[in-house]
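> coordinates for the following, if possible.
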Amino acid sequence: MDNFFRLFNTVKYLKPIQIYYRLYYFVRVRLRKLSGFKYPLSIPSNSVTLTLQPSITSYASLNDRTFVFLNLSHTFENSIDWNFSKYGKLWTYNLTYFDYLQQEDISKEDALSLFKDFIIHTESHKDALEPFPISLRGINWVKFLSIHSIKEKSIDDNLYAQYNILMDTLEYHLLGNHLLENGFSLLFGAYYFKDDKFYSKAKEILTNELTEQILDDGAHFELSPMYHQIMLFRLLDCINLVKNNSYKNSDLLSFFEAKAEVMVGWLNVMTFTDGNIPLFNDSAYSIAPTTEQINRYATELKINSKVTKLSTSGYRKYQNSRYEVVTDIGHIGPDYIPGHAHADTFSFELYLNGNPFIVDSGLSTYETNARRTDERSTAAHNTVEIDNLNQSEVWGGFRVANRAYVTILHENSNNIKAVHDGYQKRLNALHEREFIFEDDSIKIIDKIISDNKYKALLRLHFHPKIDESMIKKHIILDNSEYTIKDYQYSPEFNTQINAKVLEISFTKKLVIRIVL
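From the prediction side, this is the model:
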C-alpha cells in the first residue's frame, strides 16, 4: 500500500500531455509490434553544407578503438558494439551521441569510418534510435559534416531517416531538457536538409520550452548547474547556426540571444572564482562545457552577459573578499519533471579564500541502485535530516513523490531566513533555517518547529583536502554533540574520494558558526 501511495504522489504532479503521450506511446509500440512496423532507415534527402563558427570542443573520449565515458573505458578490438551495455545505459548513450566528433584530434578518415560502421549496424541498434541520442547525435553529425564539407549520400539519407524517427517519437512524455534537446536538434536538421516540417516543429518546441524553462533570473528550471551549462551550450550552437545561415531569415535569432544573455548572466553569478559550479542536484564535473568555455564561445558569438540577481531559481550567493557561499533556498524544481532533483533543501556550498571548504557530496551514477538513492538523499547534503527521513521523497533513480516547498520569511543583503514543509505530512514538523553572513563568519540557525520531539541531524560535507583539525578550527558548535566520519565525495561520474563529514545532533534548535 505504501508503494501505491508513493506512486500516486509521484504521478499526480504530471502534466496531462505527459500522461497522454505515455499511454499513447505505450499502446502504439505494442500495436506496431503486432503489425510488424519498422521505420525506414534510409530516406532520400537533399542536404546543404552549413556555415558554422568554431564551437566548443568536447572532452577527449576516443583514442584509437578505446572509448572513455563517465570515467569508464572500453576497447573494441574489432567491430564496435553499439549496444554495449556492461557499464549501463548512460555509457551506451554516450557511445551513440558521437560527441567525440568534436574532439580536437579526430581525423576526417576516422570519423567517416565511425559513420559508416554505425550506419551498417543501424538495424540492430537499440538505445541508439531512441529520441534523446538521436537528438544529440544529429547535432554532432551535422556540425562535423558541415565543417569538413563532407557530402556522402548514404550518411545524409541515414541521418534524414533518423530525424524522421525523432519527429515521430518526440519526448512529450518527459518534457524538460529532453524535449528541449529534441527541439535544438530538429533546428539543425531543418537547416541541414532545408526541411520546413522540421523547422516548424523546432520553432514551436523551442519558443514554448525556452519561454517556460528559462526562469526570470536566467536559470534553467531543472535547477542543475550542469544541465544549465549543457542547455546554454546548445542554445549558443543554435545561435551560431541561425546567425551564419540564411534559411528562414533568422526569425528566431533575437529570441535566442535574449535567452542566452540571461543564462550566461546566471551562470557567471553561480560559478565560483576557481571556475567550478556548485554541484547541486544532478551536477558533475567533466560532462558539460566549463563556464570559461561558455563565456569564450558567447563572446565569439557577440552574446553579452546580462547582469542578473538570483531570485526565481531559489539560489542565493553571498561573497566577500574571504568567502563565497551559494545556498539553496528554493523548491526542488518543476513539479512535473523533478528527475534530476535531490532532497537538498537549504543545502549550501562554501569556499574559503578561493578554495572549496564545504561541498555538495556530488554525483557518481545514474543507475537505479543504492548509490544513486544515497546521493539524492537529504543525508548526502549540507542540511538537516529529521527522524532519518528525506525532506522530499526521492526514489526509483529519477522520481520524487511528496516534496518540500519553501517559504522565505526574511531576506536582506546579509541575512536570509526560510522554512520548508517537507516533513509536515509525515511528522507534523517544519524545518526553519537562517543564514547570517558577516565579514569574518557565517552563522547558521536551524529550528525544528513541532509539538513533538524528533532526532534531527545536521551534516556538513567537506572537500577531501579538509582534515579534522581544519574542521575544528573553522566550525564553532557551542557544546553540541557531534561526530566526524568518512564519506565518499563524487565530483565526477564513477569517482569516489574519501573525505570528512561532520554530523551534529539536536532536537529543537541548533546554532553553529563558521569562522574564517
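> and the nearest residue to Gly314 once chain neighbours are set aside, what's its pLDDT?
In this structure, Gly314 finds its nearest non-sequential neighbour in Gly330, 1.2 Å apart by Cβ to Cβ, 6 or more residues apart in numbering. (Each C-beta comes from the backbone N, C-alpha and C, glycine too.) If you check Gly330, the pLDDT there is 95.
> in three-state terms, label Gly330 for me.
coil (DSSP: H, G, I helix; E, B strand; the rest coil).
> and it, how far from Leu460?
The spacing between Gly330 and Leu460, counted by Cβ to Cβ, to the nearest Å, is 20 Å.
> between those two, which one's more packed in?
Neighbours per residue (other Cβ atoms under 10 Å) separate Gly330 from Leu460, with Leu460 holding more: 26 against 23.
> Provide the strand pairings for the helix or strand hosting the more buried one, with the direction of each partner.
Assigned by DSSP states H and E, Leu460 falls within strand 456-461. Strand pairing for strand 456-461, using DSSP bridges, gives strand 384-386 (antiparallel), strand 497-506 (antiparallel).
> dump the ones you listed to a markdown table, plus mean neighbour count and distance to Asp439.
Formatted as a markdown table, the strands paired with strand 456-461 follow (neighbours: other Cβ atoms under 10 Å; distance: least, Cβ to Cβ, whole Å):
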| stretch | mean neighbour count | distance to Asp439 |
| --- | --- | --- |
| strand 384-386 | 23 | 26 |
| strand 497-506 | 17 | 23 |
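> for Met167, which of those is the nearest?
Judged by Cβ to Cβ, the one of the strands paired with strand 456-461 that comes nearest to Met167 is strand 497-506, at 43.6 Å.
> and the contacts of the closest one?
359, 361, 446, 448, 455-464, 466-468, 471, 475, 477, 480-491, 510, 512 (Cβ atoms under 8 Å, 6 or more residues apart in numbering).
> so for that strand, mean pLDDT?
98.
> what does stretch 196-216 give?
98.
> which parts of it are buried?
198-199, 201-203, 205-206, 209-210, 213-215 (16 or more other Cβ atoms under 10 Å).
> what ranges do the strands span in the stretch 1-150 of the chain?
When assigned using DSSP state E, counting those that start in this stretch, the strands of the stretch 1-150 of the chain occupy the ranges 62-63, 66-69, 72-75.
> what lines up beside the last one in the sheet?
Read it as strand 72-75. In the sheet, strand 72-75 lines up with strand 66-69 (antiparallel) (DSSP bridges).
> could you list the buried residues of the strand it pairs with?
67-69.
> using CSV, list the CA coordinates for it.
The C-alpha coordinates for strand 66-69 follow below in CSV (Å, rounded to 0.1, in the frame of the first residue of the first chain):
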residue,chain,number,x,y,z
THR,A,66,39.2,2.9,-26.9
PHE,A,67,36.1,4.9,-25.7
VAL,A,68,36.1,6.7,-22.4
PHE,A,69,32.8,8.0,-21.0
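> for this protein, name the helix or strand with the lowest mean pLDDT.
Averaged element by element with mean pLDDT, DSSP states H and E, the chain has its least confident helix or strand at helix 2-11 (a mean of 82).
> if we can go back for a sec, which of the buried residues of stretch 196-216 sits closest to Leu180?
When these are compared against Leu180 (criterion: Cβ to Cβ), the nearest one is Glu209, at 4.9 Å.
> excluding chain neighbours, what is closest to the closest one?
Nearest non-adjacent residue to Glu209 (Cβ to Cβ, 6+ apart): Leu180, at 4.9 Å.
> so, low pLDDT: which residues of the chain?
Scanning the chain for pLDDT under 70 picks out 1.
> domains in it, by residue range?
Per the record, the chain has its domains at 39-213, 217-307, 315-515, by automatic domain parsing.
> okay, those domains in TSV with distance to Arg6 next?
Listed next are those as TSV, based on distance: least, Cβ to Cβ, whole Å:
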stretch	distance to Arg6
domain 39-213	20
domain 217-307	20
domain 315-515	5
